[in-house]
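>>> here is the input, now give the coordinates:
(one chain, ligands or ions: 2)
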Amino acid sequence: MENYSNVFIFDHPLIKHKVSILRDKNTGMKQFRELVEEITTVMTYESMRDVELEAVEVETPLEKTVQWRVPEESVAIVPILRAGLGMVNGVHKVFPTARVGHIGMYRDEQTLEPHEYYCKLPEGIRDKTVFLVDPMLATGGSACDALAALKKRGCKHIKFMAIIAAPEGVEAVAKAHPDVRVYISTLDRCLNSSGYILPGLGDAGDRLFGTK
Ligand code: PRP
Ligand code: URA
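Ligands and ions are numbered 1, 2, ... in the order given. Coordinates of the predicted model:
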């Protein structure tokens, strides 16, 4: 795969360890959900390296000092339904006051085309740093459409986080949305003929919510 300046692929031993358990078909729903959350928290830390901080005056027990903080209310989380819901708590661990919007997308199982069925975003989202989250980036159709939906509503600072990605999906998002910073925990080999990522982890939504 080509290198894209807006794509960041993690190479962190802790993420590798956790992803290996996530992939295992014998990992049950509870552990799967916990791992998705933990991996997301690690990714959130890493993806905030470029965040703008504001100066605040703090009084320690000894003296006044100027320190740096993430501005209040400056972050929003938008999961792509359903599987993105599994990542919300992971970002909330780092930003507990972040508002949450929802974008509902499903892939037609035959055509693999994404369809938007729901969109509800918090007020003022256009001025926030938005974390669009979905554990799986396969063809990239869902992510590309969700990003377009956010931009249509005025969002300008968007970070997209996915846990497992196929090269096809990364290329599609990187090319269609060069202004979006894309964070991927693990880059996989390819897609199979049904649009599943290989080696992948199966259907993330089903494994998170026990629907199959
Ligand atoms: C999965 C996944 C992504 C999408 C990725 O969702 O969570 O949203 O597929 O595929 P793409 O990159 O080819 O668009 P799915 O449509 O299965 O819905 P679900 O989350 O409700 O299970
Ligand atoms: N969606 C999933 O949940 N898994 C895949 O492998 C591809 C899309």
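
>>> check whether stretch 112-131 comes near ligand 2.
No. Stretch 112-131 does not reach ligand 2 (C-beta under 6 Å from any ligand atom); its nearest approach is 8.8 Å. Every C-beta, even on glycine, is put in place using the N, C-alpha and C of the backbone.

>>> distance between that stretch and the chain's centre?
Relative to its chain's centre, stretch 112-131 lies at 13 Å (C-alpha atoms, centre = their mean, to the nearest Å).

>>> could you tell me the end-to-end distance of it?
Start and end residues of stretch 112-131 are separated by 24 Å (C-alpha to C-alpha, to the nearest Å).

>>> where does the chain have its least confident helix or strand?
Comparing every helix and strand of the chain by mean pLDDT, DSSP states H and E singles out strand 102-107 as the least confident one, with a mean of 91.

>>> quick check, it touching ligand 1?
Yes. For a cut-off given as C-beta under 6 Å from any ligand atom, strand 102-107 has contacts with ligand 1, namely 105-107.

>>> ligand 1 contacts on this structure?
80-83, 105-107, 112, 114, 134, 136-143, 169, 195, 204-205.

>>> residue numbers of this protein in contact with ligand 2?
83, 136, 138, 195-197, 200, 203-205.

>>> of those, select the buried ones using a ChimeraX command.
What follows is the ChimeraX syntax for the buried subset of the residues of the chain next to ligand 2, where burial is set by 16 or more other C-beta atoms under 10 Å:
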select :83,136,138,195,196,197,200,204,205
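
>>> now pLDDT and distance to residue 36 too, for the residues of the chain next to ligand 2, in JSON lines please.
As requested, the residues of the chain next to ligand 2 are arranged in JSON lines below (pLDDT from 0 to 100; distance: C-beta to C-beta, whole Å):
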{"residue": "83", "pLDDT": "97", "distance to residue 36": "8"}
{"residue": "136", "pLDDT": "98", "distance to residue 36": "11"}
{"residue": "138", "pLDDT": "97", "distance to residue 36": "16"}
{"residue": "195", "pLDDT": "94", "distance to residue 36": "20"}
{"residue": "196", "pLDDT": "97", "distance to residue 36": "17"}
{"residue": "197", "pLDDT": "98", "distance to residue 36": "15"}
{"residue": "200", "pLDDT": "98", "distance to residue 36": "14"}
{"residue": "203", "pLDDT": "97", "distance to residue 36": "13"}
{"residue": "204", "pLDDT": "97", "distance to residue 36": "8"}
{"residue": "205", "pLDDT": "96", "distance to residue 36": "11"}
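
>>> which of the residues of the chain next to ligand 2 fall in strands?
The members of these that map onto strands under DSSP state E are 136, 197.

>>> nearest to ligand 1, of the residues of the chain next to ligand 2?
Checking the residues of the chain next to ligand 2 against ligand 1 with C-beta to the nearest ligand atom, the nearest one is residue 205 at 2.5 Å.

>>> what comes into contact with the longest helix seen in the chain?
When the chain is scanned for its longest helix (criterion: DSSP state H), the result is helix 29-47. Contact partners of helix 29-47, identified using C-beta atoms under 8 Å, 6 or more residues apart in numbering, comprise 8, 10, 12, 14-15, 18-19, 21-22, 27, 86-87, 89-91, 93-95, 131, 133, 135, 159, 161, 163, 181, 183, 185, 204, 207-210.
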